[in-house]
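>>> take a look and give me a structure for this.
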Amino acid sequence: MDKANLGWHVFFEKAFEPYLDEEGLVAGRVSLEHKHMYRVQTEVGEVLAEVSGKMRHQSLRREDYPAVGDWVVISLRDGEGRAVIHAVLPRRSKFSRKVAGQVTEEQIVATNVDTVFLVNALNQDFNIRRIERYLVLAWESGANPVIVLSKADLCENPDELAAEVASVAIGVPIHIISSAENRGLTELASYMAPGQTVALLGSSGVGKSTLVNRIYGRDILNTGDIRSGDDKGKHTTTHRELILLPDGGILIDTPGMRELQLWSASEGLSTSFQDIEEFAEQCFFQDCKHENEPKCAVKAALDSGALSAERFQNYVKLQKELAYLARKEDKGLQTAEKAKWKKIHQSLKSQPHR
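As a prediction, this is how the structure comes out:
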């Protein structure tokens, strides 16, 4: 497998230069993450790899470890199909969310992605506010978002819903598809040229696995049926996986995310809600809170109907969520720094005195 077909780029070529002088080191791309092991695609085939002891010792946070889509520096064990990971090359793009639950920690969903397919089903589970949330993290990731409206065969008015999405996804391509009817799939092919990486993101049961099977040309992933009662599909993908397509191109399939908590995404918020921020720039007061201040352009837009109340409320909600997360993360970074120095001091103490 040629590295270019795995998504190798001049960006990674430059990042790998410091390792060229070290004998036996090559680059590979992480395709699957197990508990303590990784499947890595290389020019000589797939290998099973583990992180070196030195790298494990130096890694403080989850983002320091490899994730699906990462290019890593490895040394191969000849004839064993095994390798050791020594470093993660810098990421061109990174789609992250906060881990579910109370812990303030980053979960990297996929890295080095060129295009993000935000898959949303056009059935009873359709939710415009959820699409706004996904767009925030997609823009923040550095990849180009594309909205894929799936299960059009289960919807009576797909074009109306697509117009509703277009009103909040400013400048983002929107595709209506039906995997069951093979509708709209050919338009997605242009995003999957050789060496291009596309990640599929969306809630459980929106049809990501079925879409992967259609794009691949045969059933390589399990799919679930629609649940009766709420029109939601079953959760079938349980891990993130990088899939090499027969005709070139790379797909990263991800588990459905019913709970998508934001991670650091202030730029993504500004890009996703640029219409609101443009209104805000016209406010008389620079520090306008858009509440009771006079000459507030945002309030005027809300009153005139130029801006929907639901969209503005979601913007405020996401703003507050990011501010709260930033405060908690700051405390978390302080704790991690203390733990780092404690580790260093303990290792110094354990060394014999000379």
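
>>> separation between the spatially most central residue of the chain and Arg62?
Centroid-nearest residue in the chain: Phe95, 2.7 Å away (criterion: C-alpha atoms, centre = their mean). According to C-beta to C-beta, to the nearest Å, Phe95 and Arg62 sit 14 Å apart. Yep, even glycine has a C-beta here, placed from its N, CA and C like the rest.

>>> what do the two both touch?
Ile108 (C-beta atoms under 8 Å, 6 or more residues apart in numbering).

>>> just give the nearest non-adjacent residue to the residue nearest to the centre of the chain, would you?
Distances taken as C-beta to C-beta, 6 or more residues apart in numbering put Ser141 closest to Phe95, at 4.1 Å, once the chain neighbours are dropped.

>>> from what I see, the one you found and Arg92 are in contact.
No - Ser141 lies out of contact with Arg92 (C-beta atoms under 8 Å); the separation is 9.9 Å.

>>> which residues in the chain form strands?
Under the criterion DSSP state E, the chain carries strands at the ranges 25-33, 38-42, 45-51, 71-77, 82-88, 94-98, 106-111, 115-121, 144-150, 174-176, 197-201, 241-244, 250-253.

>>> strand partners (parallel or antiparallel) of the shortest one?
Strands flanking strand 174-176 in the sheet, each with its direction: strand 144-150 (parallel) (DSSP bridges).

>>> cool, the second one as well?
Partner strands and pairing direction for strand 38-42 (DSSP bridges) are strand 25-33 (antiparallel), strand 45-51 (antiparallel).

>>> any idea which of those is most buried?
Comparing the strands paired with strand 38-42 by mean neighbour count (mean count of other C-beta atoms under 10 Å), strand 25-33 ranks first with a mean of 21.

>>> average pLDDT for that strand?
The average pLDDT within strand 25-33 is 95.

>>> list the contacts for Ala309?
By C-beta under 8 Å, 6+ apart, the contact list for Ala309 reads Leu302.

>>> which one of the strands of the chain lies nearest to Ala297?
Closest approach to Ala297 among the strands of the chain is made by strand 144-150 (27.0 Å; C-beta to C-beta).

>>> what's the angle from that closest one to strand 197-201?
For strand 144-150 against strand 197-201, the angle by axes from the mean of the first three to the mean of the last three C-alpha atoms, to 10 degrees is 50 degrees.

>>> from now on call the first residue 40
Will do, 40 is the new start, and the previous item becomes strand 183-189.

>>> residues in contact with strand 183-189?
With contacts defined as C-beta under 8 Å, 6+ apart, strand 183-189 is touched by 153-161, 170, 173-174, 177-178, 197, 200-201, 204, 208, 211-218, 227, 230, 245-246, 250.

>>> out of those residues, which end up buried?
The neighbour count (16 or more other C-beta atoms under 10 Å) marks 153-161, 170, 173-174, 177-178, 197, 200-201, 204, 208, 211-218, 227, 230, 245-246, 250 as buried among the contacts of strand 183-189.

>>> isn't Val86 up against Asp117?
No - applying C-beta under 8 Å, one finds Val86 not in contact with Asp117, separated by 11.0 Å.

>>> what stretches of the protein score poorly on pLDDT?
Residues of the chain that meet the criterion pLDDT under 70 lie in 137-145, 260-277, 295-307, 363-393.

>>> domains of it?
42-127, 133-292, 305-382 (automatic domain parsing).

>>> just say which of these is most tucked in.
Greatest burial across those, using mean count of other C-beta under 10 Å, falls to domain 133-292, with a mean of 19.

>>> and that domain, end to end?
15 Å (C-alpha to C-alpha, to the nearest Å).

>>> so how far is that domain from its chain's centroid?
Centre-to-centre, domain 133-292 and its host chain are 11 Å apart (C-alpha atoms, centre = their mean, to the nearest Å).

>>> same check on stretch 65-72?
That offset, for stretch 65-72, works out to 17 Å (C-alpha atoms, centre = their mean).

>>> alpha carbons only: can I get it in CSV?
C-alpha atoms of stretch 65-72 as CSV (Å, rounded to 0.1, in the frame of the first residue of the first chain):
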residue,chain,number,x,y,z
VAL,A,65,8.8,4.3,9.4
ALA,A,66,5.4,6.0,9.3
GLY,A,67,2.1,4.2,9.5
ARG,A,68,-1.5,5.2,10.0
VAL,A,69,-3.7,4.1,12.9
SER,A,70,-6.8,2.3,11.5
LEU,A,71,-8.2,0.7,14.7
GLU,A,72,-7.7,1.3,18.5
